[in-house]
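Participant: quick one, what's the 3D model for this:
(one chain, ligands or ions: 3)
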Amino acid sequence: MLLKLLILDRDGVINYDSDAYIKSVEEWIPLPGSIEAIAQLSKAGWTVAVATNQSGIARGYYDIATLEAMHARLRELVAEQGGEVGLIVYCPHGPDDGCDCRKPKPGMLKTIATHYNVSLTNLWFVGDTLGDLEAARAVDSQPVLVKTGKGEKTQSLTLPAGTLIFDDLAAIAAELIHN
Ligand SMILES: O=P(O)(O)OC[C@@H](O)[C@H]1O[C@@H](OP(=O)(O)O)[C@@H](O)[C@@H](O)[C@@H]1O
Ligand SMILES: [Mg+2]
Ligand SMILES: [Zn+2]
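Facilitator: Ligands and ions are numbered 1, 2, ... in the order given. Next up is the predicted model:
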């Protein structure tokens with residue numbers, strides 16, 4: 001049976017984003033309906049993974065322990081709704097570190113797809129920035145833009161061919177669960 005895998009960007013898709021970075025668990029606040037959407041997808045048989053740039057680590061704004069605490073909180077909230085979160089992969093590097101994992105590079109998408117032994121082709125990756133969409137396009141995955149976070153601004157840019165656009169994660173869950 002083919003695994004139903006969905007990969008999500010974090011900031012601006014699952015939780016509110018900030019130009020000042022999300023630097024603590026207290027600043028990590030789920031967007032309306034996002035926890036419920038992940039739980040519903042999970043309960044409908046989807047594996048929901050996360051691929052997130054976290055240059056705030058390289059910049060010294062917060063540490064790995066704080067980042068892991070945010071992700072523990074995400075897992076706890078989804079579990080309270082009867083769902084679960086799959087693999088969470090993050091890039092802790094800065095823009096000038098030349099790593100292979102920072103979006104728009106597709107390294108994190110490759111890591112997740114390999115972990116679950118799923119093809120990257122047409123695999124939905126949901127993000128709010130152009131870098132997210134370019135990472136998807138780079139490995140022939142399906143770029144999906146949400147209008148939350150930086151998504152409204154991103155929508156005014158030239159998007160990769162075939163980008164799908166949804167209002168928010170709840171709309172994506174409704175689409176995937178009911179179609
Ligand atoms: O959206 P994801 O990938 O989950 O995470 C984005 C964050 O790591 C931060 O990424 C930064 O970009 P730079 O890393 O400074 O270019 C800025 O856009 C921040 O506003 C944002 O909070
Ligand atoms: Mg984002
Ligand atoms: Zn990296």
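Participant: run through the helices of the chain in chain order.
Facilitator: 34-43, 55-58, 64-80, 107-116, 130-138, 151-155, 169-178 (DSSP state H).
Participant: so which of these is the most surrounded?
Facilitator: Comparing the helices of the chain by mean neighbour count (mean count of other C-beta atoms under 10 Å), helix 130-138 ranks first with a mean of 24. For every residue, glycine as well, the C-beta is placed using N, CA and C.
Participant: any chance of the helices of the chain in JSON lines with mean pLDDT as columns?
Facilitator: Converted to JSON lines, these look like this (pLDDT from 0 to 100):
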{"stretch": "helix 34-43", "mean pLDDT": "98"}
{"stretch": "helix 55-58", "mean pLDDT": "98"}
{"stretch": "helix 64-80", "mean pLDDT": "98"}
{"stretch": "helix 107-116", "mean pLDDT": "98"}
{"stretch": "helix 130-138", "mean pLDDT": "98"}
{"stretch": "helix 151-155", "mean pLDDT": "98"}
{"stretch": "helix 169-178", "mean pLDDT": "97"}
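Participant: need those in TSV (columns: distance to ligand 2).
Facilitator: Below are these laid out as TSV (distance: least, C-beta to the ion, whole Å):
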stretch	distance to ligand 2
helix 34-43	12
helix 55-58	12
helix 64-80	14
helix 107-116	12
helix 130-138	6
helix 151-155	8
helix 169-178	12
